[in-house]
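Chemist: coords below, sequence missing:
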C-alpha cells in the first residue's frame, strides 16, 4: 500500500471524488505513473488495494493537508535561512 499512497494522494488532491477504477485504468494506460520506487513497493496491486488506499486517505485527509502545509513552511523557512 505504501507504494500507492503518493499517486492516490495526488489524485485526491486533484479531484476528491476520484475512484479506484479510474486510477487503475490511468496507471494501466500510462496516463498516471507511480513514483520511481512505487512499482517495487506496491508490488502486484489491484483496484481493491487502490480503493482501500483511497478510503484511508479520505479519512486522514485533514492530517495529510496539515502535514503538507507544515512541511512546506519548514522547507520555505530553510531556504530563507
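Modeler: On my side now, so go ahead. Just so it is clear, the structure is predicted and the values come from calculations on it, not from any experiment.
Chemist: Just say helix, strand or coil for residue 4.
Modeler: Of the three states, residue 4 takes helix under DSSP: H, G, I helix; E, B strand; the rest coil.
Chemist: doesn't residue 45 make contact with it?
Modeler: Yes: Residue 4 is within contact range of residue 45, at 6.2 Å (criterion: Cβ atoms under 8 Å). Using the backbone N, CA and C atoms, a C-beta is placed for each residue, glycine as well.
Chemist: Tell me which of those two has more neighbours.
Modeler: Taking neighbours as other Cβ atoms under 10 Å, residue 4 and residue 45 compare with residue 4 leading, 25 against 19.
Chemist: Check which residues of the helix ranked longest in the chain are buried.
Modeler: Identified as the longest helix of the chain according to DSSP state H is helix 47-80. Neighbour-count burial for helix 47-80, counted by 16 or more other Cβ atoms under 10 Å, picks out 49, 50, 51, 52, 53, 54, 57, 64.
Chemist: Which residue, other than its chain neighbours, is closest to residue 9?
Modeler: Residue nearest to residue 9 in three dimensions, not counting chain neighbours: residue 57, with 5.8 Å by Cβ to Cβ, 6 or more residues apart in numbering.
Chemist: so who does the one you found touch?
Modeler: Contact analysis of residue 57 by Cβ atoms under 8 Å, 6 or more residues apart in numbering lists 5, 8, 9, 12, 64.
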